[in-house]
Structures are given as C-alpha cells and as structure tokens.
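>>> Okay, predicted coordinates and the sequence, questions at the end:
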Amino acid sequence: MSTSHEHDIVIVGAGTVGCYAAATAADAGLDVIILERKTASEAGHIACGDALKGANKFPEAIPKSQLDSAFTNTGVDHGRFEIPQEDTVVEIPVPGELAVIDRLEYGDRLIEAAETAGTTFQYDTVVQDVIQNDSGTVTGVKATNGNGVTEYNADIVIDGAGALSILQDKADFSNATFDTNVSYSQFSSAYREIIEVDEPVEWDDALVFKPTERAAGYLWYFPRTKTTINAGLGFQMSEEPMNLVDDLARDLRQRSEFKNATVKDKLGASLPTRRPYDSAVAPGFLAAGDAAGHVNPTTGGGIAGAAFAGMYAGEQAVTAISEGDVSEASLWEYNERVMGDFGTRFAGLDVYNVLSTAIDVDELMGLIASLPGEKLAEALYSGTTSFSPLLILKTIKNSYGHWRQILNFYRTKNLADDLMGQYERYPNRPEALDGWKSTRDEIMDQIYDVTGAEVKY
Ligand SMILES: Cc1cc2nc3c(=O)[nH]c(=O)nc-3n(C[C@H](O)[C@H](O)[C@H](O)COP(=O)(O)OP(=O)(O)OC[C@H]3O[C@@H](n4cnc5c(N)ncnc54)[C@H](O)[C@@H]3O)c2cc1C
C-alpha cells in the first residue's frame, strides 16, 4: 500500500543537521517533517567521540542553553598526544572552547527543541528513494515504515542522513552541480566504547590522542567525566582495514587506568574525512553535515559544522520557498555560506590529511614531537600556520633528522594556502563552478606531486 503526505520541507535524519534545519524552518512558520529510521528512544543515540570544539557557539534556533545538561566535562582545555614511537607525550593547547558531552543527552535535547519549535517527527521510517519530476527537481522521498511505502512530498528535501547518504545514491544529479565525486575511500570508519573506571583518570582536562599503527588513523580517549571515558579509534578507508574492536581492546589492556573497567556502550559508524562537497545543492534539494562532507577532515569533528550547515540549509529553504523558486540558482547562496564559514578551512585541512596518507608514521611522529605545540594546534585547527624567526631556529635545533619531512611540510603548507585562496574565490553562481573547479584541481595536482599521495578525488 502506498500513501502520501505533503509538507513544505522534508528532512531526512534526526541528527544535528536535521534538528537545526528543522528548528530554523519551523520557527519561520513552515510545515516541517523529519523522517528518522530509528525509534524515538534511540534517535539521539549516535556514534561519536563526544568531543566538541567551539562548544560555546551554537546557532540561535537551538541555543546552547537548551543543551547545557549534555555538557558533562567543560574542564578540557588541551590535546595530549601520546607518541609511543618517540616515548614522548606532547601537550598542545587547543584554541577556543572545548567540552566533552553526553551524546545521547545532547541528541535528546536537540530533538526536544526541534519538536517544541513545531517540527513533526516520524520515527521507524527508513527513506529508500528520492522522487524527482521530469526536469530533475527533487519533489519528495519514499520511505518504508510499519504501514508499507509512504511518499512524502515537499517543496524542498534536506538531506541530513549522515555519511554515505542513500538519498544521493538514488537521486539523478547528472544535470545538477551537486558533487557526485564521492567514494567510500574519502571516508573513515570509526568505533567507540563508553567505559567506566573506578579511579578518576589523571588526564580529565585533556583530549588524549595516540597514533594507530598506521599514520592514517588514531586512537582517542575523551573524558566525559573523571570516570566515564569515550574511547575509540578510526582509520581512513583508503587504507588496509583495521580490526577496530580488537585494536581498541589491545590498547585498553595496555593502559593501567582501564584495569577493571566496565564497557557501558558500543557503537561504530563511518564519517567523511574529505573536503566539503563542491556543491551541496540540486533543484529542490540541499545536503548538510556528514551528508555533504562538513567535517574537519583531520580531527573528525563534525558536530559544529553540522549545526551551522543545518541552520544555513534551513534558512535557504525558507527563503527559496517564500520566493517560490527552488532552482539551483536560488539555493546557491547556501554553498557560499558554507564555504565562507568553515568550508574553506576544512578544504585546507584536507591537504594535511592527504599528506598523512603518504608519510611514514615513525617519521611523522618524530616530526610532531619536535614541533612547537602551539604551532601544531594552529595547523590542526586553522588549516595554516607561520613560524617566527626564533621559533624557526628552535624548531631546526629540535627537529634534526626530520628536515626533509619539514621541507615537504613547508611546501605542502604553501599549497594549502593557495588552495584556501581558491576556496575564498568560491563562485557566486552555479554556471561559474566548472571554471573554479579546474583551477582548484590544478592546485590539487601540485599537492599530489609534492606529497606523493594517491589521488583522492
Ligand atoms: C565514531 C565517531 C566519532 C566521532 N567523534 C566526533 C567528535 O568527537 N566530535 C565531533 O564533533 N564529531 C564527531 N564525529 C562526527 C559527528 O558525529 C558527525 O559529524 C555528526 O554527527 C554529523 O551530524 P549529521 O546530522 O550530519 O549526521 P548524523 O548525526 O549521522 O545523523 C544522521 C541521522 O540520519 C538518520 N538516517 C540515515 N539514513 C536514513 C534513512 N535512509 N532514513 C531515515 N533516517 C536515516 C540516522 O539514523 C541519523 O539519526 C564522530 C563520528 C563518528 C562516526
């Protein structure tokens, strides 16, 4: 049996994107429905490291004050890099507000806020297909639930379905600018456990990172509280697969602070560790968050990007619907806002991700151990860094043995700057995208040359 519903906006996924986009559009008086495949009680339960950078900044549609109960550790202020190869621990200050959250509580509060704003939620509803009219405009989705197949028709569909969204497999975007140059190898596979320990950990003010045996992955230990730790790991899917559950268990066994620990929860998922989509719009369609590569590709942090992209998508949908024009040109400003906010920085950071897949792990760890912490932090979060003469001298002294790699890093950094310059010139209309891309791709070719990395896109 097939039934159908009509709405102004259909949003797929009740994650960060879904809730921010929905609250934004519902606040503006639109009829918004979120379709979520999970049950109501499970909807907020999402695989995550629970670390939040920029923890003081959330879009107004769901202000931070409505999420406060999820902030279980606001005392974290730095990264602690454990480098077994060098027998060293590097403490790196992290700029901006940091926190570790209870992800389920955060998810539940988001959903509650979006519901209060007037969003309809439909749980246990798996979107299976995208509906498009003869000209290719997306006009709705098909989903299955207990009642069979239901069609949800809308002026605009927002894809907040997360990494490797099925909507993009089903839609035909051959006549749109929507980025389809997407492959699983540009994603990471990650897994985390929530672990309780009897004795408080000594590093409850730090996000702990440790390289996995290959450079393209890392382990993390993020303290939700002094005794509840989010422990996890991930690897880039272009690499040979890791056995995530066993590798985490092996590391946990080696750490005395986890003796007699109890595992409370286990979850795994994939996440984009790539540049943001060149365009995340098509007629009648916007994608945001993990569904559009809006994640910091070096840290895997995607909550902040998802919240802001969700708001931008919601606002763009409201404007397009009020103007009666859901064409690509009418939705284009959404792409510009994403690139102008975090997209340019994430594209620059992706260059270091590309570099890391081509670099020997021991050499990389030696290099990290020799560099000044604050400069590393700058590189990690801003996508670029520069050294004062005194710092250069100190670094040269400390980094003897890694000069070849530093030179390589320096060349890569200059190219990352060029790339970010190009993203700052992101076009203001769809017709100019192809020309912009060809200049961007020339810079990417130079990056592959200098780093020796495999072509990623
Ligand atoms: C293991 C792991 C650790 C991470 N650690 C961090 C971290 O510490 N800090 C950080 O900032 N980010 C982290 N991230 C990334 C972060 O979780 C994501 O970037 C963020 O959740 C993206 O939000 P989203 O709304 O785009 O997608 P999601 O949160 O993935 O939400 C997508 C929703 O869509 C639903 N859905 C999917 N397909 C369908 C369908 N066909 N029909 C109906 N519903 C569907 C899903 O059930 C889900 O509820 C991590 C990710 C992983 C996997």
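Looks like it came in fine. Small disclaimer: the values here were computed from a predicted structure and weren't measured.
>>> going forward, measure contacts and count neighbours with C-alpha atoms only.
Noted.
>>> any low-confidence regions in the stretch 251-400 of the chain?
361-367, 369-400 (pLDDT under 70).
>>> Run through the residues of it sitting next to the ligand.
Residues of the stretch 251-400 of the chain lying close to the ligand by C-alpha under 6 Å from any ligand atom are 268-271, 289-291, 295, 300-303, 306.
>>> Let's see which of the residues you listed end up in helices.
Under the assignment DSSP state H, these contribute 303, 306 to helices.
>>> Mind giving me the ChimeraX command for buried ones among the residues of the stretch 251-400 of the chain next to the ligand?
For anyone working in ChimeraX, the buried entries among these, judged by 16 or more other C-alpha atoms under 10 Å, can be selected with:
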select :268,270,271,289,290,291,295,300,301,302,303,306
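>>> Out of the residues of the stretch 251-400 of the chain next to the ligand, which is nearest to Asp204?
Distances from Asp204 to those, taken as C-alpha to C-alpha, are shortest for Gly301 (19.2 Å).
>>> which non-adjacent residue is nearest the closest one?
Using C-alpha to C-alpha, 6 or more residues apart in numbering and skipping residues adjacent in sequence, the residue nearest Gly301 is Val295, 5.7 Å away.
>>> quick one: contacts for the residue nearest to the spatial centre of the chain?
Central residue check for the chain by C-alpha atoms, centre = their mean: the C-alpha nearest the mean position is that of Val295, 2.2 Å away. Counting by C-alpha atoms under 8 Å, 6 or more residues apart in numbering, Val295 touches 271-274, 276, 289, 301-303, 305-306, 346.
>>> Relative to the ligand, how far out is Val455?
Distance, Val455 to the ligand, using C-alpha to the nearest ligand atom, to the nearest Å: 24 Å.
>>> Ala14 belongs to a helix?
No: going by DSSP: H, G, I helix; E, B strand; the rest coil, the assignment for Ala14 is coil, not a helix.
>>> Who are the contact partners of the closest residue in space to Val89 that isn't next to it in sequence?
In space, Val89 comes closest to Glu82 once its chain neighbours are excluded; the distance is 4.5 Å by C-alpha to C-alpha, 6+ apart. Contacts were defined as C-alpha under 8 Å, 6+ apart; by that measure Glu82 touches 88-90, 208-211.
>>> Show me what the helix or strand that contains Glu82 pairs with in its sheet, parallel or antiparallel.
Assigning secondary structure by DSSP states H and E places Glu82 in strand 78-83. Within its sheet, and counting by DSSP bridges, strand 78-83 is paired with strand 88-93 (antiparallel), strand 206-211 (parallel).
>>> how many other residues sit next to the spatially closest residue to Pro241 that is not a sequence neighbour?
Spatial nearest neighbour of Pro241, excluding adjacent residues (C-alpha to C-alpha, 6+ apart): Phe235 at 7.5 Å. Counted with other C-alpha atoms under 10 Å, the neighbours of Phe235 add up to 25.
>>> Compute the inter-axis angle for the host helix or strand of Phe235 and strand 206-211.
With elements delineated by DSSP H and E, Phe235 resides in strand 228-236, which encompasses its position. With axes from the mean of the first three to the mean of the last three C-alpha atoms, to 10 degrees as the basis, strand 228-236 and strand 206-211 are set at 30 degrees to each other.
>>> Could you pull out the buried residues of the following helix or strand past strand 228-236?
Past strand 228-236, further along toward the C-terminus, the next helix or strand under DSSP H and E is helix 244-254. When burial is assessed from 16+ other C-alpha under 10 Å, helix 244-254 yields the following buried residues: 244-245, 248, 252.
>>> One more: stretch 445-457?
447-448, 451, 453.
>>> Need the contact partners of that stretch.
For stretch 445-457, the surrounding residues in contact (C-alpha under 8 Å, 6+ apart) are 181-182, 185-186, 351, 354-355, 357-358, 408, 411-412, 415.
>>> now that stretch: how far from the chain's centre is it?
The gap between the average C-alpha position of stretch 445-457 and the chain average comes to 22 Å, counting by C-alpha atoms, centre = their mean, to the nearest Å.
>>> do stretch 245-264 as well
26 Å.
>>> cool, stretch 421-438 as well?
For stretch 421-438, the gap between its own C-alpha mean and the chain's C-alpha mean amounts to 22 Å (C-alpha atoms, centre = their mean).
>>> which residue ranges form the strands in the stretch 51-200 of the chain?
Remark: strands assigned in the stretch 51-200 of the chain by DSSP state E, counting those that start in this stretch are 51-53, 71-73, 78-83, 88-93, 98-101, 120-122, 126-132, 138-145, 148-159, 187-196.
>>> okay, these in JSON lines with mean pLDDT and distance to Asp204 next?
Putting the strands of the stretch 51-200 of the chain into JSON lines (pLDDT from 0 to 100; distance: least, C-alpha to C-alpha, whole Å) gives the following:
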{"stretch": "strand 51-53", "mean pLDDT": "92", "distance to Asp204": "12"}
{"stretch": "strand 71-73", "mean pLDDT": "97", "distance to Asp204": "8"}
{"stretch": "strand 78-83", "mean pLDDT": "89", "distance to Asp204": "10"}
{"stretch": "strand 88-93", "mean pLDDT": "85", "distance to Asp204": "13"}
{"stretch": "strand 98-101", "mean pLDDT": "96", "distance to Asp204": "10"}
{"stretch": "strand 120-122", "mean pLDDT": "98", "distance to Asp204": "37"}
{"stretch": "strand 126-132", "mean pLDDT": "98", "distance to Asp204": "39"}
{"stretch": "strand 138-145", "mean pLDDT": "97", "distance to Asp204": "43"}
{"stretch": "strand 148-159", "mean pLDDT": "97", "distance to Asp204": "36"}
{"stretch": "strand 187-196", "mean pLDDT": "97", "distance to Asp204": "13"}
